[in-house]
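> here is the input, now give the coordinates:
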Amino acid sequence: MSSVVLYRTPEGKLSGMDDKAVRHFAKFKRAVDAMEAGDTLRFEYRLPRSPKHHRLFFVKVRELFDRQETFGHVDDLRAWLTVGAGYCHFIPGTDGQLVAIPESVSWESLEEADFLELHRRVDAFMWELRARRTLWPHLGDERTYWAVDAWRQEFEKP
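The predicted structure follows:
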């Protein structure tokens, strides 16, 4: 299957991002133009992730990492947040118990609408008592609430 990244030129036309994409897009346009009544054509598309939103999410994770007491590596925290948000699948562990495996949040695997939902679910997970107790095991429940609130306020728009 061909994969093409398109952009709108200053003249308002769609074009491929590089020579290969230009060729593939031209081939697609020819196929569409050659269609007759009753012909079918199947294609897929993905809406790209917002770079600004992508950066915001990872800045929030990094800031949370700097504030928490449990995780020694930011990737471990991100994986835990992803599982906590329910964006995972389960496999049997070596002891037969189910183990949660986080789904990929890579740029290619998750388009913007799904990434927005993941971000929303991570934010909601942070308010859960079990999440707060994991991140700050030495604080009482009220203080963990204020820790999450202080973290959240860092990213609110004025």
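> show me the contacts for Pro57.
Quick fix: residue 57 reads Phe, not Pro. Counting by CB atoms under 8 Å, 6 or more residues apart in numbering, Phe57 touches 115, 119, 122. From N, CA and C alone the C-beta is placed, and that goes for glycine too.
> can you pull the buried residues of stretch 39-51?
By neighbour count on 16 or more other CB atoms under 10 Å, the buried set for stretch 39-51 is Arg49.
> over to stretch 25-34?
Buried residues in stretch 25-34 (16+ other CB under 10 Å): 25, 28.
> and stretch 109-122, by the same measure?
For stretch 109-122, a neighbour-count test (16+ other CB under 10 Å) marks 110, 114-115, 118-119, 121-122 as buried.
> sorry, back to before: out of the contacts of Phe57, which are inside helices?
115, 119, 122 (DSSP state H).
> tell me which element the residue nearest to the second one when sequence neighbours are not counted falls in.
With CB to CB, 6 or more residues apart in numbering as the measure, Phe57 is the residue that lies nearest to His119, at 5.3 Å, once sequence neighbours are left out. Phe57 belongs to helix 51-67 when assigned by DSSP states H and E.
> quick one: mean pLDDT for the next helix or strand after that helix?
Beyond helix 51-67 on the C-terminal side, the first helix or strand identified by DSSP H and E is helix 74-84. On average, the pLDDT along helix 74-84 is 97.
> where exactly do the strands run in this protein?
6-8, 14-16, 88-92, 98-102 (DSSP state E).
> mind putting those into TSV with mean pLDDT, mean neighbour count and distance to Trp80?
Output for the strands of the chain, formatted as TSV (pLDDT from 0 to 100; neighbours: other CB atoms under 10 Å; distance: least, CB to CB, whole Å):
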stretch	mean pLDDT	mean neighbour count	distance to Trp80
strand 6-8	83	11	36
strand 14-16	87	14	39
strand 88-92	96	11	10
strand 98-102	96	14	8
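> can you list the contacts of Phe57 in JSON lines and add distance to Val99?
As requested, the contacts of Phe57 are arranged in JSON lines below (distance: CB to CB, whole Å):
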{"residue": "Phe115", "distance to Val99": "24"}
{"residue": "His119", "distance to Val99": "24"}
{"residue": "Val122", "distance to Val99": "20"}
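> and which of those residues is nearest Phe90?
Val122 (18.8 Å; CB to CB).
> for the residue nearest the centre of the chain, which residues are in contact?
With distances taken as CA atoms, centre = their mean, Phe115 lies nearest the centre of the chain, 3.5 Å away. The contact partners of Phe115, by CB under 8 Å, 6+ apart, come to 49, 53-54, 57, 105.
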